[in-house]
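Q: this is a predicted model, with the sequence first.
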Amino acid sequence: MEKQKQIVQLLKTKASTKQEVYRITKQVFADFQEVLKQKEDKINAEIVNKDVQIIYSSEGDFESKLKFSGDTLLFHMHSNIFDFPSSHPMHKTKYVKEDRLRSFCGVINIYNFLSDSFKYNRMNDAGYLVARVFINKDKHFFVEGDKQLGFLFNDFINQQINTEGIAKIVDEAMVYALNFDLQTPNFNEVKVVSVHQILDMNSNQKLKTAKRMGYKFSFETNND
């Protein structure tokens, strides 16, 4: 019976909290989608060059894209809820110590792809994680990312997610992508090409294209 009591208690606390965080994260992602739609309308109204259109598209409740010129940002909500390692700084804060369940977070990933990767179905092309947005049951959030995205939104204890904050995250992600230019790969990395790749290149663009090769973001490990 003691184990059953433990199971019931975990279901009432941890499991219930995870379900609550999931619902909140899903609503936040819906807010992201609405902000992206508005971004499409507002920027297109100011752009004269029709070759530089902003195009929003949605792949359902968990994925949306914002295409702008040669860049596409892909926003993806993970369907699972995550905790952080015991060594993570959040566990040392009074905010989390007061309520251990505050460390459970939903996550929205933001990736940067070349727009042509989707246009030409270049399945070998690589996209890069620009930022991860973490949201808890109190709608507190922080963003893990590179450059401005890594330090503008890191006050997990005090900041709550809202449409204004979402718009700022989207703006910073767009600026980051626009300033993150396509770089030619090292000659030695592309000098060997198979016959199969050449035969398929015109129809499927099989040669791998990515914005960078040979270096990492500050948050990436060296385990590849």
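A: Structure received. Just so we're clear, the structure is a prediction, and the values are computed from it rather than from any experiment.

Q: model confidence over the longest helix anywhere in the chain, on average?
A: Taking DSSP state H as the assignment, the helix of the chain that covers the most residues is helix 16-46. Averaged across helix 16-46, the pLDDT comes to 96.

Q: the helix or strand that comes right after that helix pairs with which strands, and in what direction?
A: Counting by DSSP states H and E, the next helix or strand C-terminal to helix 16-46 is strand 54-58. Neighbouring strands of strand 54-58 in its sheet, by DSSP bridges, are strand 63-68 (antiparallel).

Q: and the contacts of whichever helix or strand comes after the strand it pairs with?
A: Sequence-wise, the next helix or strand downstream of strand 63-68 (DSSP H and E) is strand 71-77. Contacting residues not belonging to strand 71-77 are listed as 25-26, 29, 32-33, 36, 61-66, 106-115, 117-118, 127, 130, 170, 173-174, 177-178 [Cβ atoms under 8 Å, 6 or more residues apart in numbering]. For the C-beta atoms, the positions are set from N, CA and C on the backbone; glycine is no exception.

Q: phi, psi for Tyr111 please.
A: phi -110, psi 150 (degrees, to the nearest 10).

Q: ok, Ser79 touching Glu63?
A: No - Ser79 is not in contact with Glu63 according to Cβ atoms under 8 Å; the separation is 11.0 Å.

Q: which one of those two is surrounded by more residues?
A: Glu63 (15 against 12; other Cβ atoms under 10 Å).

Q: hey, what's that one bridged with?
A: With DSSP bridges as the rule, Glu63 is bridged to His76.

Q: so where is this structure shaky, pLDDT-wise?
A: 10, 181-185, 189-191, 193-224 (pLDDT under 70).
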